[in-house]
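A.B. asks: With the input below, show me the fold.
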Amino acid sequence: MKIIINVILVFCFIFLSCTVPESEHIERTLYDPDLHGWKTASWTPFGVGARINGFAYGNVNGRDTYIAVSGNGIIGWSYNGDFWHKAAELPIHFNAVAFGNGVFVAVGNAGRYAWSFDGKHWNVNENLITGYGSENINGIAWGQDNFVVVGGNSNIAVTTSITSDGLGWDSRRPSANATTDPWNDVAFDSIGGRFYIVGNNGRRGWNGNVATSSVWNIQTGGEHVGNSNITKVTVGRRGATSSGSETIGIGILFSNNRVAIVLHPDFNFGYYIDADLAPLQFIARLDQWGNPVFEDHVLFDITWGGGYFLVSGNASLIGHWNSANPSNFSGRFWSSMIFQEFDRWPTTSIEALNGRFFVGNEGGKIGYSK
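C.D. replies: Here you go, the predicted structure:
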């Protein structure tokens, strides 16, 4: 009997150690883009062929909580970013996820979205957003005590309430430059207090007070832009200039795999911050010799954290530019790396969260910087 009990205890110890490694602390260098310090997550619930489309972080009841969403409707959660659990599998193609005011919100195609207050238990909207309809929701961001979503048919919506019963919304489709072209992404600048949106045919815009104003400052075309589709946007900072101050850097991706860092808060491609960057207001994907860094890659996502802009692409590509380095103001010194542990799967999502970079690929894998 004693032997049997010992065997059972050993089995339970091994089982629990393998299935629930809830390590709360992982030694790391904040926002380290060096792939020598990266690793793949020990376990994820998404499965091969599940495209990871977004990440979010929130502190829930005093615990770090990470969320990842995929195109096959699976939502995963993790306390440490290394071992992931399946929170839900829903009939929604998820495109993005965000956290704010104690709630996670994941958005997807056909006007569908889901929300959760703990990251583990999720609810799905039964009614479509009034004025938004069944158009795809392509992006979501939190700021100014509101969620903002953007998507098909030039739709924009802003939350009016967040309760245990769900989210209330107000459609804010801009009348300026009215079109049926989609908005593809949205980001919030916590320092400048503005939302930035990007879409097809070179459209981009901003709003500094979404709670009270439905007026978005929309621009189209222009030098270096033309009718190119803008697919992703992130907001960061460029390091101290010759005058000693940091400046905004709005990072965007184009559908033809160009990268730009716009250095003006009004999304003005023709504005020059100072003489250091005057010739290079539009920062293309070039190395120090003027050659394209990403000429053979499709780019999927862009983020900023700790002084670095990072992009992700096919063949497990991750590229980065140190925007905080005074000797690299031109933006030409991009470095590109292949994340070997992703087995050449396209790296479809990249996000800076809680001092680390997270990447997800088309094969259901997640990687992170230590």
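
A.B. asks: quick one: low-confidence ranges for the stretch 51-200 of the chain?
C.D. replies: 174-178 (pLDDT under 70).

A.B. asks: can we see that at 50?
C.D. replies: Counting by pLDDT under 50, the stretch 51-200 of the chain contains no low-confidence range.

A.B. asks: which residues sit in contact with the closest residue to F339 other than its chain neighbours?
C.D. replies: Distance criterion CB to CB, 6 or more residues apart in numbering; nearest residue to F339, sequence neighbours excluded, is S316 at 4.5 Å. Where you see a C-beta, it was placed from the backbone N, CA and C, and this is true even at glycine. By CB atoms under 8 Å, 6 or more residues apart in numbering, the contact list for S316 reads I338, F339, Q340, F342, D343, R344, W345, P346, T347, N361.

A.B. asks: what about S316, distance to N361?
C.D. replies: Relative to N361, S316 is positioned 7 Å away (CB to CB, to the nearest Å).

A.B. asks: between these two, what contacts are shared?
C.D. replies: F342, W345, P346, T347.

A.B. asks: hang on, isn't the second one packed against G363?
C.D. replies: The one in question is W345. Yes. Under the criterion of CB atoms under 8 Å, W345 makes contact with G363 at 3.9 Å.

A.B. asks: isn't there a strand covering I67?
C.D. replies: Yes. Assessed by DSSP: H, G, I helix; E, B strand; the rest coil, I67 belongs to a strand.

A.B. asks: Check which helix or strand the closest residue to it other than its chain neighbours maps to.
C.D. replies: Excluding its sequence neighbours, the residue lying closest to I67 (CB to CB, 6+ apart) is A56, at 4.6 Å. Per DSSP states H and E: A56 is located in strand 52-60.

A.B. asks: Contacts only, for Y57.
C.D. replies: Contacts for Y57 (CB under 8 Å, 6+ apart) come out as D64, T65, Y66, I67, F99, L353, N354.

A.B. asks: Pull out the buried members of those.
C.D. replies: Neighbour counting by 16 or more other CB atoms under 10 Å classes D64, T65, Y66, I67, F99, L353 among these as buried.

A.B. asks: and the one helix or strand the first one maps to, how far out from the chain's middle?
C.D. replies: What that stands for is D64. Following DSSP H and E, one finds D64 within strand 63-70. What separates the centre of strand 63-70 from the centre of its chain is 12 Å, taken as CA atoms, centre = their mean, to the nearest Å.

A.B. asks: Each with direction, which strands does it pair with?
C.D. replies: Strand 63-70 pairs in its sheet with strand 52-60 (antiparallel), strand 74-78 (antiparallel), by DSSP bridges.

A.B. asks: In the longest one, which residues are buried?
C.D. replies: Which is strand 52-60. Neighbour count says strand 52-60 has I52, N53, G54, F55, A56, Y57, G58, V60 buried, by 16+ other CB under 10 Å.

A.B. asks: For the residues you listed, give me a markdown table that also has distance to S369.
C.D. replies: Converted to a markdown table, the buried residues of strand 52-60 look like this (distance: CB to CB, whole Å):
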| residue | distance to S369 |
| --- | --- |
| I52 | 16 |
| N53 | 20 |
| G54 | 18 |
| F55 | 13 |
| A56 | 17 |
| Y57 | 14 |
| G58 | 19 |
| V60 | 22 |
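
A.B. asks: picking that back up, out of the shared contacts of S316 and N361, give me the two with the largest separation.
C.D. replies: F342 and P346 (8.5 Å; CB to CB).

A.B. asks: who's more crowded, the two?
C.D. replies: F342 (23 against 19; other CB atoms under 10 Å).

A.B. asks: what's the pLDDT at the more buried one?
C.D. replies: For F342, the pLDDT comes out at 85.
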